[in-house]
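>>> Give me coordinates for this.
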Amino acid sequence: MRDPKPGGEGSGVPLTRADRARTVASVLRRQVLHGAFPGGVLPDERALIAEFGASRNTVREALGVLRDEGLVERRRGVGTVVIGRAYEHPLGELSGLAEVLQRHGAVVNEVREARILRPPLAVARRLALPEGSPAVYLERLRRVDGIPLSLDCTYLIPEVGEPLLAHAGTTPRALENHDVFDLIETATGMPLGSAEVSVHATVPDPATCAVLEMPEGGALLAVERLALLADGRPADLEFLHLRGDRLTLHATLDRASRHTGPADSSLL
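The predicted structure follows:
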């Protein structure tokens, strides 16, 4: 069976089988990640051929893409089964990983580093710190039910970070069992107000792959987040390294706001 030609006459450059396989994989990937298949088993090839109007080879190539991403595998006598899943983190609210994902399993933070240091100048500027001023640095590996999801590198202003370290000194598991946002609000007695967030995709270095237990060449979402206290002062600057195969970022956007809100040429 041949794949149908899209768009009819004059529709543009003819698509290859790899192009069509990518399209099929895109739809199936979202279904896999959101638990759309009962029992974790995908429809058989004949059903997928009929659903997508694609050839058998195209469907097999699409399933191969998902297999290479670690999302599915072929099991004799069963079919194609889901072996990976992703957790959803909303971009529209200022919340920590544990706050969002605790309903999915136990969130544990492995503290890799917690100390006072002199931050890079670019970081000091983002935190509105005088040049040469110290900051508190935290590095934590975040897991859900034992699966590594993110490696978080956080710089905090002294008045926030130092009480946080002192609290962790008297309660050693505080940094392991709580989100940084929760700890900041506890240490300052002041709620967080807002945050500036930017996201880009990157290919992680081998060391980061090893820490996150992901295959080399896998997708990584690099998130930079500057959190502000309710009075507008910067509190912390985070560099989050999220496994692209285990975490998705979600937002509900309102087009009407583009006519009323401030102009912004970025996506976030």
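
>>> Select the longest helix from the chain.
helix 17-33 (DSSP state H).

>>> next one: that one to chain centre, how far?
With C-alpha atoms, centre = their mean, to the nearest Å as the basis, helix 17-33 stands 20 Å off its chain's centre.

>>> which residues touch the very next helix or strand once past it?
Helices and strands here follow DSSP states H and E; after helix 17-33, the next one along the chain is helix 45-52. Around helix 45-52, the neighbours that count as contacts under C-beta atoms under 8 Å, 6 or more residues apart in numbering are 1, 23-24, 27-28, 42-43, 54-56, 58-60, 62. The way it works is simple: take the backbone N, C-alpha and C, and place the C-beta from them, glycine included.

>>> which SSE is residue 141 in?
strand 135-144.

>>> As a check, name the ranges of all helices in the stretch 151-268 of the chain.
158-170, 174-177, 180-188, 206-212 (DSSP state H, counting those that start in this stretch).

>>> Would you tell me which one of those is buried the most?
Of all these, helix 180-188 carries the top mean neighbour count, a mean of 20, counting by mean count of other C-beta atoms under 10 Å.

>>> re the thing from before, in terms of mean pLDDT, which of the helices of the stretch 151-268 of the chain ranks lowest?
For those, mean pLDDT drops lowest on helix 174-177, to a mean of 73.

>>> Take it, keep the C-alpha atoms, and write them as PDB.
The C-alpha trace of helix 174-177 is given here as PDB (Å, rounded to 0.1, in the frame of the first residue of the first chain):
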ATOM      1  CA  ALA A 174      14.500  19.600  54.400                       C
ATOM      2  CA  LEU A 175      16.300  20.000  51.100                       C
ATOM      3  CA  GLU A 176      15.400  16.500  50.100                       C
ATOM      4  CA  ASN A 177      11.700  16.600  50.800                       C
END
